[in-house]
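Chemist: Here is a sequence with its predicted model. Questions after.
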Amino acid sequence: MTKMPRSKPSKPENGSISARIRADIERNIVSGKWPPGYKIPFERELVSQYGCSRMTVNKALLALTANGMIYRRRSVGSFVSAPRVERSVLEIQDLAKEAARRGVAYRHEVRSRKVETLDPATAKSVGLGNRRRVMHVVCVHFMSDVPVAFEDRLISLAKVPEARKCTFEDTAPGTWLLQTVPWTEAEHIIRARSATPAIAKQLRIEPNAACLTLERHTWHENLLVTRVEIVYPGDRHQFVGRFSPVEHRGSE
């Protein structure tokens, strides 16, 4: 996982007011004066500050949105985006450690936690077979108070009975599992999806906004440990894989 560097402030093009607004905002972001989650002044405030039209201000904000430096919420305003993160498609990520490496504050909030008995079809579809009792945990992860991931996780109580007593308030479920249960095999499936209204609300993004969804199954000695679906805002993350060609022996 590598922190993507902030782009350098743009130089005003032909002295246009729109370019100057963009450069000034970028400078505040790159310098750290405006941290992730900081609310950008309203358009009307920028119109007054720069003595220009609302269309000019909107042009600057659209450019900043396009390059991922800010995100906009209808009827609420514009905010500084968290720096995009490269995440390996092959690793089991620990968001708390990732935040520590990046030097930003991390926290998570548990939205729900309950023991469930899955119906046979669902248990089979997630790889549990007849081991249907699970701990179902839903939580949201934050970096610099910006929501960066929505997590929906099932933990097999047949394999991890300790999960029944864990509240996950102090330690996020993924971190707790990495500390508690060894894993010997994992499968990742990455999909593009649009944010449902419920998930959009949790991630503070627009409904139907583009997201990346990571579905992961983790096993230990051929028994499923956990199945998790993590939804990431598409403008705050990207997945990266590096591969080597496979050597084929014999004739083709």
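Modeler: Cool, the structure landed. Numbering: from 1, shown residues only.
Chemist: And the helices in this protein, which stretches?
Modeler: 17-30, 43-50, 54-66, 95-102, 120-125, 173-180, 197-203 (DSSP state H).
Chemist: Nearest to Val228, out of those?
Modeler: Evaluated over the helices of the chain, closeness to Val228 peaks at helix 173-180, with 7.1 Å, by C-beta to C-beta. Just so you know, the C-beta spots here come from the backbone N, C-alpha and C atoms, and that holds for glycine as well.
Chemist: State the mean pLDDT of the closest one.
Modeler: Averaging the model's pLDDT scores along helix 173-180 yields 90.
Chemist: Could you name the helices and strands sitting against it?
Modeler: With contacts taken as 3 or more C-beta pairs under 8 Å, 6 or more residues apart in numbering; DSSP states H and E, helix 173-180 sits against helix 95-102, strand 146-156, strand 223-233.
Chemist: Pipe the helices of the chain into a markdown table and attach mean neighbour count and distance to Leu223 per row.
Modeler: Output for those, formatted as a markdown table (neighbours: other C-beta atoms under 10 Å; distance: least, C-beta to C-beta, whole Å):
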| stretch | mean neighbour count | distance to Leu223 |
| --- | --- | --- |
| helix 17-30 | 19 | 47 |
| helix 43-50 | 15 | 55 |
| helix 54-66 | 17 | 46 |
| helix 95-102 | 16 | 25 |
| helix 120-125 | 13 | 13 |
| helix 173-180 | 19 | 14 |
| helix 197-203 | 16 | 30 |
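Chemist: Would you single out the least confident of the ones you listed?
Modeler: For the helices of the chain, the weakest mean pLDDT is recorded on helix 95-102, namely a mean of 79.
Chemist: just to revisit the earlier point, quick one: the helices of the chain as TSV, columns for distance to Pro147 too.
Modeler: Output for these, formatted as TSV (distance: least, C-beta to C-beta, whole Å):
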stretch	distance to Pro147
helix 17-30	19
helix 43-50	24
helix 54-66	18
helix 95-102	11
helix 120-125	27
helix 173-180	16
helix 197-203	5
